[in-house]
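[1] sequence first, then the predicted structure, then my questions.
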Amino acid sequence: MSNLEDLYREIILDHYRNPRNRGELATPPAHKAEGFNPLCGDEITVYLHVEGDSLVDIKIAGHGCSISQSSASLMTAAVKGKPLEAVRGTIDTFKQLMTVHETSLDAEFDPEPVNLRALGELAALQGVVKFPVRIKCATLAWNTLTQGLNDLP
Amino acid sequence: MHERPIVYLDTAATSLTPRIVIESMQRYYETYHSNVHRAVYVTAAEATEAYEDARIAVGRFIGAPHPADELIFTHGTTESFNLLAKSWGRANLTASDAVVLTEMEHHANLVPWFQLRDEIGFEIRFIKVTDDFRLDLSNLEELLRGAKLLSVTGMSNVLGTINPIAALATAAHAAGALIAVDGAQSVAHGVTDVAGLDIDFLAFGAHKMLGPTGIGALWVRRSILDAMPPFLGGGGMIADVSLSGFSPAAGIAKYEAGTPPIAEAVGFHTAVHYLTSLGMEDIAAYEHQLTASLLGALATHFPERIRVIGPTTMEMRGSVVSFDVEGVHPHDVAQVLDQFGVCVRPGHHCAKPLMKRFSLAATARASFGPYSNEEDIETLVTALDEAVRLFG
Ligand SMILES: Cc1ncc(COP(=O)(O)O)c(C=O)c1O
């Protein structure tokens, strides 16, 4: 069961049960982006409030599985209040973590290239890579955030 | 993959394939594989005979009065509905007509009608689903008024509800409408008799009834069939082709363009033969018992936690059990179950309007086949216990 326990680490379950930054922001001044996983019906709305070069506030609405919800919650905690450049950096690092390397599925997973320390709590999600069908769950919020940032006026 | 044996509870998605089905297709490939029709050598004749024999056997299995002339092979239930909409529908429906569907249909019996509606502009009406997961027939007469077709599933692939097809056929015909039935689920789990039910079309596929993927059928009442235009164009469906055009073949061939799935037809034949030898009534009774047992187990072990999305009484109920574990997303349920080797399906099961009807994004679904047993249910319950423990 170790793989499974890995997947559902305390951090993930905690963020699933007590999601951070849930809710909505008034638009405007905030912007929103909607993401959708047609396979499982998960839906997410990311509200972004950007002032100058900084993501001053972020909120998440929608519903989904423990992986998509905890990933969204962890994401908000990691990017809220950060300069946009740092936000994009975190997104890149996270996406790298979620990339299935050809060999990593067979061999013991070795997340060498990713700086896990820089990810902090987000590293809890690395177990997802062992379950390829769930990667889409984990990346839903992040792709939606990326889309929101790209759509900023 | 797993240290544990597989507990396969996903027959509603696709059934396991008996060895004799696989062997019959292997024998075909090893000894008489060749293209059907249009050849004189021995193996081609054998292949043609095997293909046409399969048509008759599959037709008999559903009670077709004239199987050789009424059963069109397709690539599956989905293609059968596309054939129905694009051939019969396009020839018979106009902007002032109506087609009646239900809220519990699979996308295969929704999207082809939407596509055609967008082209032609007829009205689509829906029979609603009641809070106890049955078709709401209270306004059936009104819905059928002026309709040309009622297209309805024999058994819901999400709820397990079995619909009263004979009564619906009577009502449809009384209103001057034809009735098409989605047999994808129902055909595998009980006796089907298109003549006794007095229906006009039946769509179904082999891979949910112990047969191979890639083949299905649309049975059409003979008196309707001749007036239907061809579906796909190409070889096999023509009487003649010149540089100025073509004329379609007569009969069934008109709907089967291109090289058909021959090995799959052989496997389909073996599957219906095998099902018949098991006895469809016995299969239905056996699965009925398993379903009652699962519903009982869920109610006993998880009374506060698990809600069955489907009838909890056994009348007119098939062996598909969707459920919602409170506080645990179906994807997570399925993930935990997978660790026990238990295969259930999370998702919307290609029935998004039905999900919306019950305000769900997804359910977890367990479904039985003739090879399922009580042990499978025990393992499922153990695995569900773990899911509930893990998510608290
Ligand atoms: C009720 C019902 N109709 C239609 C289909 C479509 O079958 P297929 O995907 O084999 O064409 C399915 C299976 O998914 C089904 O359960």
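    All right, it came through fine.

[2] now do the helices in chain A.
    Taking DSSP state H as the criterion, chain A carries its helices at A:2-7, A:10-17, A:66-79, A:84-97, A:116-119, A:132-150.

[3] cool, and the stretch 151-300 of chain B?
    When assigned using DSSP state H, counting those that start in this stretch, the helices of the stretch 151-300 of chain B occupy the ranges B:165-174, B:186-189, B:194-197, B:222-225, B:262-278, B:280-301.

[4] so which of those helices is the most surrounded?
    helix B:186-189 (a mean of 28; mean count of other C-beta atoms under 10 Å in any protein chain shown). Every C-beta, even on glycine, is put in place using the N, C-alpha and C of the backbone.

[5] what about the worst-scoring helix or strand of chain B on mean pLDDT, near chain A?
    None of the helices or strands of chain B scores lower by mean pLDDT, DSSP states H and E than strand B:345-347, at a mean of 90. Yes - Strand B:345-347 is in contact with chain A by C-beta under 8 Å from any C-beta of the partner chain, via B:346-347.

[6] quick revisit: so which of the helices of the stretch 151-300 of chain B comes closest to chain A?
    With C-beta to the nearest C-beta as the measure, helix B:280-301 is the member of those nearest chain A (20.3 Å).

[7] tabulate the helices of chain A (TSV), appending distance to the ligand and mean neighbour count.
    Shown next, in TSV, are the helices of chain A (distance: least, C-beta to the nearest ligand atom, whole Å; neighbours: other C-beta atoms under 10 Å in any protein chain shown):
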stretch	distance to the ligand	mean neighbour count
helix A:2-7	28	15
helix A:10-17	30	18
helix A:66-79	24	26
helix A:84-97	33	17
helix A:116-119	40	13
helix A:132-150	18	20
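
[8] quick one on the thing from earlier: contact partners of the least confident helix or strand of chain B?
    A:39-41, B:10, B:12-13, B:329-331, B:333-334, B:362-365, B:367 (C-beta atoms under 8 Å, 6 or more residues apart in numbering or on different chains).

[9] pLDDT below threshold where in chain A?
    Chain A contains residues with pLDDT under 70 at A:1-7, A:100-118.

[10] around chain A, pick out the residues from chain B.
    Residues of chain B lying close to chain A by C-beta under 8 Å from any C-beta are B:328-332, B:335-336, B:339, B:346-348, B:352, B:355, B:361-362, B:390-392.

[11] please pick the buried ones from those residues.
    Among the residues of chain B next to chain A, those buried by neighbour count (16 or more other C-beta atoms under 10 Å in any protein chain shown) are B:328-332, B:335-336, B:339, B:346-348, B:355, B:361-362, B:390-391.

[12] near chain B, which residues of chain A are found?
    Neighbours of chain B within chain A, by C-beta under 8 Å from any C-beta: A:1, A:3-4, A:7-8, A:13, A:17, A:39-43, A:63-67, A:69, A:131, A:134, A:137.

[13] go with 7 Å
    Proximity of chain A to chain B is confined to A:1, A:4, A:8, A:39-42, A:63-66, A:131, A:137 under the rule C-beta under 7 Å from any C-beta of the partner chain.

[14] just give me the closest of those residues to B:Met237.
    Distance to B:Met237 across these (C-beta to C-beta) is lowest for A:Leu39, with 35.7 Å.

[15] how far does whatever helix or strand comes next after the least confident helix or strand of chain B sit from the chain's center?
    Downstream of strand B:345-347, the first helix or strand assigned by DSSP states H and E is helix B:352-357. Taking C-alpha atoms, centre = their mean, to the nearest Å, one finds the center of helix B:352-357 at 19 Å from the center of the full chain.

[16] for helix B:352-357, give me every contacting residue.
    A:41, B:103-104, B:129, B:158, B:348, B:361-362 (C-beta atoms under 7 Å, 6 or more residues apart in numbering or on different chains).

[17] again, but for stretch B:319-330
    For stretch B:319-330, using C-beta under 7 Å, 6+ apart, the contacting residues are A:64-66, B:12, B:157-160, B:185, B:189, B:287, B:290-291, B:294-295, B:298, B:305-310, B:333, B:346-347, B:360, B:362-368, B:387-388, B:391.

[18] which bits of the stretch 51-200 of chain B sit near the ligand?
    B:76-78, B:106, B:108, B:153, B:157, B:182, B:184-185 (C-beta under 6 Å from any ligand atom).

[19] before we move on, the earlier item: out of the contacts of helix B:352-357, which two sit at the greatest distance?
    Longest span within those, C-beta to C-beta: A:Gly41 and B:Val129, 18.1 Å.

[20] mind checking pLDDT for B:Gly392?
    The per-residue pLDDT reported for B:Gly392 equals 79.

[21] then B:Leu384?
    Note on B:Leu384: pLDDT of 97.

[22] for B:Glu123, see how far away the closest residue to it other than its chain neighbours is.
    Nearest residue to B:Leu384 in three dimensions, chain neighbours excluded: B:Phe302, at 6.7 Å (C-beta to C-beta, 6 or more residues apart in numbering or on different chains). Applying C-beta to C-beta, to the nearest Å, the value for B:Phe302 to B:Glu123 is 43 Å.

[23] before we move on, back to that, make CSV out of the helices of the stretch 151-300 of chain B and add mean pLDDT.
    Output for the helices of the stretch 151-300 of chain B, formatted as CSV (pLDDT from 0 to 100):
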stretch, mean pLDDT
helix B:165-174, 98
helix B:186-189, 97
helix B:194-197, 98
helix B:222-225, 94
helix B:262-278, 98
helix B:280-301, 98
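
[24] I'd like these laid out as JSON lines, including distance to A:Val87.
    As requested, the helices of the stretch 151-300 of chain B are exported to JSON lines (distance: least, C-beta to C-beta, whole Å):
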{"stretch": "helix B:165-174", "distance to A:Val87": "56"}
{"stretch": "helix B:186-189", "distance to A:Val87": "52"}
{"stretch": "helix B:194-197", "distance to A:Val87": "61"}
{"stretch": "helix B:222-225", "distance to A:Val87": "62"}
{"stretch": "helix B:262-278", "distance to A:Val87": "52"}
{"stretch": "helix B:280-301", "distance to A:Val87": "45"}
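
[25] tell me the centre residue of chain B?
    Nearest to the mean C-alpha position of chain B, by C-alpha atoms, centre = their mean, lies B:Ala184 at 0.8 Å.

[26] who has more neighbours, B:Phe302 and B:Glu123?
    Counting neighbours by other C-beta atoms under 10 Å in any protein chain shown for B:Phe302 and for B:Glu123 shows that B:Phe302 has the greater number, 18 against 14.

[27] what sits against the closest residue to B:Arg221 other than its chain neighbours?
    Excluding the flanking residues, the one nearest B:Arg221 by C-beta to C-beta, 6+ apart is B:Asp200, at 4.7 Å. Contacts for B:Asp200 (C-beta under 7 Å, 6+ apart) come out as B:178-180, B:221, B:224.

[28] by proximity to chain A, which residue of the stretch 101-250 of chain B wins?
    Chain A sits closest to B:His107 of the stretch 101-250 of chain B, with a gap of 11.6 Å, by C-beta to the nearest C-beta.

[29] just give me the neighbour total for B:Ala91.
    10.
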